[in-house]
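Undergrad: no FASTA, just this:
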Ligand SMILES: NC(=O)c1ccc[n+]([C@@H]2O[C@H](COP(=O)([O-])OP(=O)(O)OC[C@H]3O[C@@H](n4cnc5c(N)ncnc54)[C@H](O)[C@@H]3O)[C@@H](O)[C@H]2O)c1
C-alpha cells in the first residue's frame, strides 16, 4: 500500500508493505552513491539487504541508544560523505529506529544544503510516528532534539516483517504512540488495539491507521504551529517522567503514563486497561513536585502556562492552556505509586 503525504514540493510516499525491504528499487533510486546509517542493535541483515540493492553503497553502524544522536556522529557521518565523494545527487538511507532516522535525516539535511533522504524505520515507534513528519535532530548539552530541522524524506519504506526481531518492551513502547493517536482521533483504532488477539496479524492495519492520523495532522500543520500540538497528548507529563526516571523508562512508557491524568475518568479507565494489555506501566514512583519542576523547563512553556491536550471521550481531544503548577493536581490524581 502507498500512503501519499501531500506537502507541495516536499510531498512523498510512504510504502507500507511486508517484504518491501527486498524490493527497494521499485520505490527508491539506489542507483547512485548511498550512505546507509544503521545501529549496533539493528540486526545487520537489514542494512546488508539494502546495501545489496545499491549501486555504490557505504554502511555506517553507530552505537545503539540515544547518546548516538550527537555532534560527534553528525560530524563523522558528514566526513564519510565528503571522503567518499558524495555529490548533491547522492542520498542517505536510515535503517533503524528513531535514533538512526533523526540523526541520518539531519545529516542529509545539512550536507550540501540537503540531499535525498530515505527512511526505512525498523521499530514500531519509528514506523508509526518518527519516520514521518520531517523532524530530524540531534541532542546537545544534555537537551534532546535541541539542534535540528524540518526536513522531509524523499520516501519512507515500512516493512513490518522487521518487527519480528524487535524486543517486546520496545514494541510496546511504540504501541503507546498508536494508543495516543487512537485515543485522540480514532475510536475504531482504539477498539482494535483494545480487542485484537493477533497483534502481528493486525500490525499493518494499526500502522496504517496511525500513519494516516499523523499524516493528516502534519499536512495541516507541517511546522508545528498549532494543530500538530495534539500529537503531544501524554507528552507533557510523559517528558517530565522520562527526565526524572533518568532513562529507566522508555519514551512510549512515559507517554502512556502521561495520558492517564489528562483523560476523563471514563477514558482513563480504558487507557489503563489497554496499557496493561501491552505490558506498559500505569503507575510510577515519582514525586509530583519534582515532575512539576521538569514541566517548568518544558520547551513548550509560555510564561507560567502550558498548552495541554485533554481527552474527554475516545476519538476526540481538546487543547487547553493551563498554569503549569496546576498540573500537580492532574498528576496527584492517579499515576503516582
Ligand atoms: N522525529 C520525530 O518526529 C520523532 C518522534 C518520536 C521520537 N523520536 C525520536 O526517536 C528516538 C526513539 O526511537 P525508537 O523508539 O525507535 O528507539 P531506537 O532507535 O533507540 O531503537 C530502539 C532499540 O531497538 C533496536 N532496534 C531497532 N530496530 C530493531 C529491529 N527491527 N529488531 C531488533 N532491534 C531493533 C535499536 O538498535 C535500539 O536498541 C528518540 O531519539 C526520539 O527523540 C523522533
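TA: Arrived safely, thanks for sending. From a predicted model like this one, the values you see are computed outputs, not experimental measurements.

Undergrad: quick one, longest helix in this protein?
TA: Longest helix in the chain, counting residues (DSSP state H): helix 199-220.

Undergrad: So which bits of the next helix or strand after that helix are buried?
TA: Using DSSP states H and E, the next helix or strand after helix 199-220 towards the C-terminus is helix 235-244. Buried residues in helix 235-244, defined by neighbour count with 16 or more other Cβ atoms under 10 Å: 235, 236, 237, 238, 239, 240, 241, 242, 243, 244. The way it works is simple: take the backbone N, C-alpha and C, and place the C-beta from them, glycine included.

Undergrad: cool, stretch 273-281 as well?
TA: Buried residues in stretch 273-281 (16+ other Cβ under 10 Å): 274, 275, 277, 278, 280, 281.

Undergrad: now stretch 156-172
TA: Neighbour-count burial for stretch 156-172 flags 156, 157, 158, 159, 160, 161, 162, 163, 166, 170, 171, 172 (criterion: 16+ other Cβ under 10 Å).

Undergrad: Same check on stretch 49-67?
TA: Applying 16+ other Cβ under 10 Å to stretch 49-67 flags 49, 50, 51, 53, 54, 57, 58, 59, 60, 61, 62, 64 as buried.

Undergrad: Save the buried residues of helix 235-244 as TSV, and put in pLDDT too.
TA: Shown next, in TSV, are the buried residues of helix 235-244 (pLDDT from 0 to 100):
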residue	pLDDT
235	93
236	91
237	93
238	94
239	91
240	92
241	93
242	90
243	88
244	87
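
Undergrad: out of these, who's nearest residue 268?
TA: Closest approach between the buried residues of helix 235-244 and residue 268, by Cβ to Cβ: residue 237, at 12.6 Å.

Undergrad: what secondary structure does residue 321 sit in?
TA: Here residue 321 is recorded as strand under DSSP: H, G, I helix; E, B strand; the rest coil.

Undergrad: Apologies, that question was intended for residue 281.
TA: coil.

Undergrad: related to what we said a few turns ago, ok, which of the buried residues of stretch 156-172 also contact the ligand?
TA: When Cβ under 6 Å from any ligand atom is applied, the members of the buried residues of stretch 156-172 adjacent to the ligand are 162, 166, 170.

Undergrad: Using TSV, lay out these together with secondary structure.
TA: Formatted as TSV, these follow (three-state DSSP):
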residue	secondary structure
162	helix
166	coil
170	helix
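
Undergrad: Looking at those, spot the one nearest residue 16.
TA: When those are compared for distance to residue 16 (Cβ to Cβ), residue 162 wins out at 12.4 Å.

Undergrad: Let me see the contact set for that closest one.
TA: Each residue near residue 162 by Cβ atoms under 8 Å, 6 or more residues apart in numbering is listed here: 21, 43, 46, 122.

Undergrad: next one: residue 7
TA: Neighbouring residues of residue 7 by Cβ under 8 Å, 6+ apart: 134, 152, 218, 219, 222.

Undergrad: before we move on, what about residue 188?
TA: residue 209.

Undergrad: Kindly report the same for residue 221.
TA: 227, 228 are the contacts of residue 221 under Cβ under 8 Å, 6+ apart.

Undergrad: State the pLDDT value of it.
TA: pLDDT for residue 221: 93.

Undergrad: One more: residue 329?
TA: 84.

Undergrad: Near the ligand, which residues of the stretch 151-300 of the chain are found?
TA: So far as Cβ under 6 Å from any ligand atom goes, the stretch 151-300 of the chain lies against the ligand at 162, 165, 166, 170, 251.

Undergrad: need the buried residues of stretch 156-172 in JSON lines with pLDDT and secondary structure, can you?
TA: Compiled in JSON lines, the buried residues of stretch 156-172 are given as follows (pLDDT from 0 to 100; DSSP: H, G, I helix; E, B strand; the rest coil):
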{"residue": "156", "pLDDT": "98", "secondary structure": "strand"}
{"residue": "157", "pLDDT": "98", "secondary structure": "strand"}
{"residue": "158", "pLDDT": "98", "secondary structure": "strand"}
{"residue": "159", "pLDDT": "98", "secondary structure": "coil"}
{"residue": "160", "pLDDT": "97", "secondary structure": "helix"}
{"residue": "161", "pLDDT": "97", "secondary structure": "helix"}
{"residue": "162", "pLDDT": "98", "secondary structure": "helix"}
{"residue": "163", "pLDDT": "98", "secondary structure": "helix"}
{"residue": "166", "pLDDT": "98", "secondary structure": "coil"}
{"residue": "170", "pLDDT": "98", "secondary structure": "helix"}
{"residue": "171", "pLDDT": "98", "secondary structure": "helix"}
{"residue": "172", "pLDDT": "98", "secondary structure": "helix"}
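
Undergrad: Now the two most distant members of the residues you listed.
TA: Checking the buried residues of stretch 156-172 with Cβ to Cβ, the most distant pair is 157 and 172, at 23.4 Å.

Undergrad: Apart from its chain neighbours, what residue comes closest to the residue nearest the centre of the chain?
TA: For the chain, the residue nearest the mean C-alpha position is residue 130 (2.8 Å; Cα atoms, centre = their mean). Nearest residue to residue 130 in three dimensions, chain neighbours excluded: residue 98, at 3.9 Å (Cβ to Cβ, 6 or more residues apart in numbering).

Undergrad: ok, now which ones touch the one you found?
TA: Contacts of residue 98 (Cβ under 8 Å, 6+ apart): 121, 123, 125, 126, 129, 130, 131.
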